[in-house]
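[1] my questions concern the predicted model and sequence given below.
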Amino acid sequence: NAGVMQNPRHLVRRRGQEARLRCSPMKGHSHVYWYRQLPEEGLKFMVYLQKENIIDESGMPKERFSAEFPKEGPSILRIQQVVRGDSAAYFCASSPTREGQLETQYFGPGTRLLVL
Amino acid sequence: AQTVTQSQPEMSVQEAETVTLSCTYDTSESDYYLFWYKQPPSRQMILVIRQEAYKQQNATENRFSVNFQKAAKSFSLKISDSQLGDAAMYFCAYRSALGSGTYKYIFGTGTRLKVLA
């Protein structure tokens, strides 16, 4: 059973460009979470999605950031007009939907975004 | 709002020895989950152990065990017979129980564990 997949693993963008980060949850998982980790810091929650629904986006910056999890395909975290402060590791996690399992999140390897 | 505090930025342990990493949290909720995740240099987040707040028994996973003190809001991780492969950042995380709050994890700032040969 493949784990959570994220791509690309490394992404370099110049200021003002767009960054698209993709996450494929584990098979059978329909709950996806995005976290951001700044250098030497812990992970900070950004957004929680289920298929075609944003459940909690309380950690998302109000501007330039958006996320989706379509019926088919991976979840996408999109950052428009990137700035240097967006440089970070972005982690995706997924959780099972069975009761008693939902609370455990399994993390992908992360995408390291570097904004020049 | 819930908070998670890891007061030890860095710890060292001799190989084969035992080390305890501290974590405290603040919440007004009575039902929740606590986790320890390991982040080695590869930066992959690996689940080490989880604890349900309603369970009095401390969770154990092979060489890893927790000391869960609900009244004190303390959740420490003990690593026995430390191995070189245990060297990593360790993060403590909190999650509300189903139906009682958000599903997001709240992470501490991490403790870097060094294992000395």
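    Sure thing, it's come through.

[2] going forward, measure contacts and count neighbours with C-alpha atoms only.
    Noted.

[3] which stretches of chain A aren't confidently modelled?
    Counting by pLDDT under 70, chain A has low-confidence residues at A:1, A:97-103.

[4] taking the centroid of it, which residue is nearest it?
    Nearest to the geometric centre of chain A sits A:Trp34, at 3.4 Å (Cα atoms, centre = their mean).

[5] is stretch B:2-9 in proximity to chain A?
    No - using Cα under 8 Å from any Cα of the partner chain, stretch B:2-9 never reaches chain A; the gap is at least 10.1 Å.

[6] how far does that stretch sit from its chain's centre?
    Stretch B:2-9 sits 10 Å away from the centroid of its parent chain (Cα atoms, centre = their mean, to the nearest Å).

[7] so what touches that stretch?
    B:21-28, B:92-94, B:106-112 (Cα atoms under 8 Å, 6 or more residues apart in numbering or on different chains).

[8] also stretch B:55-71?
    Here stretch B:55-71 has contacts from B:48-51, B:53, B:74-81, using Cα under 8 Å, 6+ apart.

[9] one more: stretch A:62-70?
    Stretch A:62-70 is contacted from outside by A:32, A:47, A:49-54, A:60, A:75-82, using Cα under 8 Å, 6+ apart.

[10] can you turn the buried part of those into a ChimeraX selection?
    Selecting the buried subset of these in ChimeraX, with 16 or more other Cα atoms under 10 Å in any protein chain shown as the burial test, is done by:
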select /A:32,47,49,50,51,60,75,76,77,78,79,81,82
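
[11] ramachandran angles for B:Gln8?
    The phi and psi torsions at B:Gln8 (degrees, to the nearest 10) take the values phi -110, psi 100.

[12] sec struct for B:Gly85, please.
    Here B:Gly85 is recorded as helix under DSSP: H, G, I helix; E, B strand; the rest coil.

[13] how close does it sit to A:Arg84?
    34 Å (Cα to Cα, to the nearest Å).

[14] the two - which one has more neighbours?
    Taking neighbours as other Cα atoms under 10 Å in any protein chain shown, B:Gly85 and A:Arg84 compare with A:Arg84 leading, 14 against 10.

[15] surely the more buried one touches A:Leu38?
    No - at 11.7 Å, A:Arg84 does not count as touching A:Leu38 under the criterion of Cα atoms under 8 Å.
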